[in-house]
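Trainee: Next one to model:
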Amino acid sequence: MTTALVEIKPMPHSLINTSLDDLAGLVRQESELVEAHLNQALMHALQCGEILLAAHKRFERGVGFRKWVEENTSVT
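Mentor: Okay, here's the model as predicted:
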């Protein structure tokens, strides 16, 4: 699995003439999307941790777990 980087695009020229009220609405909308995606990311991180704990229990005293993680996952 590879991590996709987000391409940052320059500000559209259409925003230059947008009213402050409309810009405020756009900022609120984007802020809400950031919060929602952060919450989703946190949920996935917690699930990943639970899965890793389940895998860790399969290794006697954890011996070999780190090697298994390195060879089989993208977790560092």
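
Trainee: where are the low-confidence patches of this protein?
Mentor: The model of the chain has pLDDT under 70 over residues 1-5.

Trainee: change it to 90
Mentor: Along the chain, the parts satisfying pLDDT under 90 run over 1-17, 62, 76.

Trainee: Just want the most central residue of it.
Mentor: With distances taken as CA atoms, centre = their mean, A41 lies nearest the centre of the chain, 4.2 Å away.

Trainee: Figure out the helix or strand that that residue lives in.
Mentor: If you go by DSSP states H and E, A41 is part of helix 20-56.

Trainee: Contacts for the helix or strand following that helix next, please.
Mentor: Remark: after helix 20-56, the chain's next helix or strand is helix 65-72, criterion DSSP H and E. The contact list for helix 65-72, computed with CB atoms under 8 Å, 6 or more residues apart in numbering, reads 52, 55-56, 59, 75. C-beta: built from backbone N, CA, C; applies to glycine.

Trainee: Turn these into a markdown table, including neighbour count.
Mentor: Listed next are these as a markdown table, based on neighbours: other CB atoms under 10 Å:
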| residue | neighbour count |
| --- | --- |
| L52 | 14 |
| A55 | 14 |
| H56 | 13 |
| F59 | 13 |
| V75 | 10 |
